[in-house]
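In: coords please:
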Amino acid sequence: METPAISPETASTVPSPNPHVLSRQLVGLLIWVGLPSLFLGSITCMVCLSLGLLTFADAWKCGIYKRSEKRGFLNISPMAWGIAMAFLFIVAFPAYLLHRSELRTIHGTNRFYWGLVFVGAALVIALVGNMILWM
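Out: Below you'll find the model as predicted:
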């Protein structure tokens, strides 16, 4: 049985499969977040890992992947979102929350998103409280 040919017009509308491999993304995240954060102390390590893993899980479940046809800071893989959230929290947290609806391609669960919002909000409150105490 012969499969029908896809015309060039139809080929551009067919979504490409996810080019990312979950195991490689997860190993990369754990190496880039886990190892450096170990040198920062146990509490910092736990915060960095939890932020990174929650962001990674949410980006993966929502279909936020790097696309070759786009350029820019927001066009990054789930692993890169996790790394950015762990180490550039001040920039990545608001950017992710503001642009998540534009970047997502799958409308699935929001469990990881709300976990990220609560952990991120707790971290912001802790950072602001710490700054007030040091003043």
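In: the bottom helix or strand of this structure by mean pLDDT?
Out: Sorting the helices and strands of the chain by mean pLDDT, DSSP states H and E puts helix 8-13 at the bottom, at a mean of 46.
In: output the next helix or strand along the chain from it as CSV, restricted to C-alpha atoms.
Out: On the C-terminal side of helix 8-13, the closest following helix or strand by DSSP states H and E is helix 22-29. These are the backbone C-alpha positions of helix 22-29, laid out as CSV (Å, rounded to 0.1, in the frame of the first residue of the first chain):
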residue,chain,number,x,y,z
LEU,A,22,13.4,13.6,27.9
SER,A,23,16.3,11.7,29.4
ARG,A,24,19.0,14.0,27.9
GLN,A,25,17.1,17.1,29.0
LEU,A,26,16.7,15.8,32.5
VAL,A,27,20.3,14.7,32.8
GLY,A,28,21.5,18.1,31.5
LEU,A,29,19.3,19.9,34.0
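In: how about helix 22-29: buried residues?
Out: 25-26, 28-29 (16 or more other Cβ atoms under 10 Å). The way it works is simple: take the backbone N, C-alpha and C, and place the C-beta from them, glycine included.
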